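K.L.:
Build me a model:
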Amino acid sequence: MAKALAVMTSGGDAPGMNAAIRAVVRRGLDCGLEIHGVFNGYEGLVEGGECIRRLKWEDVGGNLQKGGTFLGTARSERFRTEEGRRQAVSHLLDRGIDALVVIGGDGSLMGAHVLASEWASHVRSLGRGMPVSEEEEAEAADVAPLQVIGLPGSIDNDLYGTNMSIGADTALNHIVRALDDLSSTAASHQRTFVVETMGRHCGYLALMAGLAGGASWVLVPEEEMEVRWHQKMIETLGNAREIGRPHQMVMVAEGARHPDGLSIRSEEIRNILGTRLGADVRLTVLGHIQRGGPPTAFDRILATRLGVGAVDRIVSQPDVPHCHMLGLVKNEIEATPLAEVVEKSQRIWKEIEEGNYARALELRGGTFQNSLRLVKTLTRITPAREKAENGSVLVLTGGADSPGMNAAVSVAARCLLNQGVSVFGARDAFPGLIQGNILELDWHELLQWIHGPGSELGTGRYRFTEEDYPRIAENLRKYNIKGLVAIGGWGTYLKVANLVEHRESFDAFNLPMVLIPATIDNNLPCTEFSIGVDTALNNIVDAVDKIRHTAGATRRTFVVEVMGRQCGFLALMSALASGAEKAYLPETGVDLEELLKDVHVLKESFAGGKRLVIYLRNEHSSRHYTTDFIRRLLEEESRDQFEVRTAILGHVQRGGIPTAFDRILASRMGSCAAFALLEAMRESKIDVQVLGLSGAGVSSSPLSQALQEMDLGRGRPKRQWFMDLMPIAESLAKHGPSHVCS
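P.N.:
Take a look at the predicted model:
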């Protein structure tokens, strides 16, 4: 079994690396390992000395919310040589280090693979191997392998073996916020902006930012360009101007290429657009701002899961030689051999170099391919010139508003309008449908909704009465509604189920319906994430980060109340992302014994030098042990050792501009809903489908299955995947290691 482990970061820095280091250090210490930090990447490994230092529990405190990497990173020409790698091995042996976690991109992981492959020969050359027997001494030595685990840290998201790499989500949100800012000035001056993103070998950032930001055209390295690609671009942008969108955004990844393989320069695109469109075209190269700043909640959670997974894999499988990268595959942590990761990651670029774009796209995976198809669809659609004759579609946003609802409405409606289907929206959801407060959706307005907060259609909670059903049926007939898209949460699902139950009495209800999950509570069946939850999670984490800024003022405990109704997703995941010491959840409840234990732990923590402790409480975690009760209890028991404050975040959690994740999810689900309805209307089907994000893809389930998976008494699904992460949150948030690791 490994006894000492080193962790290092290498290559370009990526937001979330500090969270991964924290997870490795604290999980390793909790498992009884000796942990070392390697400063300045492979150069520090070769240098040795003070570049390799013991790390304690408190050394990684306060780093979770910081960008970059506190261990530092640097290029190392010395490590590229055999002699340099032998020095690195010598330094590891001197400290008894027999396991290494490397966080970085393909070059960093290649270095880790080479080091693991050469380990035995370097150990023998240094005379540090133990002979198996006298007969074998001359030929070989029994050298225990170096256990190596790589973690993907790259904003480009260009590594094989993971759906997302550490830092990519943060970089994507930086780009999307820049697009939002540029859109306002572009609209003011009716300008076209060419925006260049990073992505020398991968178009992920440009592609997903284009989808989230509503770009008019996207250029990525993986797509094979036609000889006259610029003519199609000019035509598309010209059509957009004709239908009322004079300001445009063109996204280009720095690695995009002409059909002959030469690089497409952003300046070229600006000149082409300026000359051919006669437009005022400006160029913005975002540069390194994309990799800076605090990591998003997603990156913190991803890094934490991967860091814990690396240590657990080494500890739980001591007799297995490890030389793998851990990645997030369909929302599960999976291992892929480092050799395969490096080979296939580099193979993609080689395929592009050789002009084998179809193979490169295949290696990128289904999510990338589907997103590229969706972007191409959305950048080319326009309102159909002729109306279809098979009826109209109604869209509504029910329940409480959720960030990303507007994007779902915009994409679904535009996909339908492109096919000649009239689209209507019900004001304030079901009350509008009952009262006949229905408006026809306009293409030009829909274009502006893609990044808007809240819901332009309006939302509302409502309890049906028997008098409502005939009014709904009458309005459905009045507007010739032959399909329904309902976007919302728990109540919206149940109301659609009510309509289905009354189909025998009202023939107008016999139409296809698609439900899109949109609620910050994330309490819906058949999906791992609902639209809006990522924005809410980031709002909470931002607030907790600000609370942490008061740590130096005095010794305080904050009890922060978050939303979620009967689902503890927001409380648990924000605790994991913010480093909060506790999360009170409705799934586990709260009892007096637990509260008294928390008081004892608080006293020990502050006596040990802590300045700030944060507890997160779901609003419905206990009926009687309210946020104020917990505050008063802790305050009474503190004996003036620390102060206690509360922060009830309230509706700030559901406000603000949607994150890139929520916009992309909303766009994917909106398009799926539209095309599912088109097919059902053509074939005269009346199926009711529930969309969800399962693994990395959008899936569809029948409403009957969704109802079976609902725990109606508790208002949440019967099975909640995120509860498996609770032991991780508890393990990393402690005041110190317990030296027990399962």
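
K.L.:
how about low-confidence regions in the stretch 1-150 of the chain?
P.N.:
129-141 (pLDDT under 70).

K.L.:
The stretch 601-742 of the chain too?
P.N.:
Where the stretch 601-742 of the chain drops to pLDDT under 70, the residues are 696, 738-742.

K.L.:
At which residues are the helices of it located?
P.N.:
For the stretch 601-742 of the chain, the helices defined by DSSP state H, counting those that start in this stretch occupy 627-637, 660-682, 703-709, 726-732.

K.L.:
other SSEs contacting the last one?
P.N.:
What it means is helix 726-732. When contacts are defined as 3 or more C-beta pairs under 8 Å, 6 or more residues apart in numbering; DSSP states H and E, helix 726-732 packs onto helix 17-30, helix 297-316, helix 569-578. In this view, the C-beta of every residue, glycine as well, is placed from N, C-alpha and C.

K.L.:
List the buried residues of that helix.
P.N.:
726, 728-729, 731-732 (16 or more other C-beta atoms under 10 Å).

K.L.:
Who's the closest spatial neighbour of Ile657, skipping the chain neighbours?
P.N.:
Among residues not flanking Ile657 along the chain, Pro453 sits closest, at 5.6 Å (C-beta to C-beta, 6 or more residues apart in numbering).

K.L.:
scratch that, Gly255
P.N.:
Closest residue to Gly255 apart from its sequence neighbours, by C-beta to C-beta, 6+ apart: Pro221 at 4.0 Å.

K.L.:
The one you found: what's it in contact with?
P.N.:
199, 201-203, 253, 255-257, 352, 360 (C-beta atoms under 8 Å, 6 or more residues apart in numbering).

K.L.:
Check Met1 too.
P.N.:
Neighbour list for Met1: 315, 318 [criterion: C-beta under 8 Å, 6+ apart].

K.L.:
Likewise for Ile481?
P.N.:
Taking C-beta under 8 Å, 6+ apart, one finds 391-394, 424, 475, 508, 511 in contact with Ile481.

K.L.:
Save those as a markdown table, and put in pLDDT too.
P.N.:
As requested, the contacts of Ile481 are exported to a markdown table (pLDDT from 0 to 100):
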| residue | pLDDT |
| --- | --- |
| Gly391 | 92 |
| Ser392 | 97 |
| Val393 | 98 |
| Leu394 | 98 |
| Phe424 | 98 |
| Asn475 | 98 |
| Ala508 | 97 |
| Leu511 | 97 |
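
K.L.:
Select from these every entry located in helices.
P.N.:
Asn475 (DSSP state H).

K.L.:
I'd assumed Arg124 was in a helix, is it?
P.N.:
Yes: counting by DSSP: H, G, I helix; E, B strand; the rest coil, one finds Arg124 located in a helix.

K.L.:
Would you confirm that it contacts Asp142?
P.N.:
No: using C-beta atoms under 8 Å, Arg124 is not in contact with Asp142; the gap is 10.3 Å.

K.L.:
Am I right that Arg414 is in contact with Thr377?
P.N.:
No: taking C-beta under 8 Å as the definition, Arg414 is not a contact partner of Thr377, at 9.7 Å.

K.L.:
Looking at those two, which has the bigger crowd around it?
P.N.:
More crowded of Arg414 and Thr377, by other C-beta atoms under 10 Å: Arg414, with 24 against 15.

K.L.:
about what we covered before: can you say which of the contacts of Ile481 are buried?
P.N.:
Buried among the contacts of Ile481 by 16+ other C-beta under 10 Å: 392-394, 424, 475, 508, 511.

K.L.:
Tell me which residues of stretch 238-245 come out buried.
P.N.:
240-241, 245.

K.L.:
okay, the contacts of Pro221 in TSV with secondary structure, pLDDT and neighbour count next?
P.N.:
Formatted as TSV, the contacts of Pro221 follow (DSSP: H, G, I helix; E, B strand; the rest coil; pLDDT from 0 to 100; neighbours: other C-beta atoms under 10 Å):
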residue	secondary structure	pLDDT	neighbour count
Gly199	coil	86	27
His201	coil	85	22
Cys202	coil	94	29
Gly203	coil	95	31
Ala253	strand	95	28
Gly255	coil	91	23
Ala256	coil	93	24
Arg257	strand	92	21
Ile352	helix	91	24
Ala360	helix	92	24
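
K.L.:
Show the average pLDDT along stretch 483-496.
P.N.:
Throughout stretch 483-496, pLDDT has a mean value of 97.

K.L.:
Between the two ends of that stretch, how far is it?
P.N.:
12 Å (C-alpha to C-alpha, to the nearest Å).
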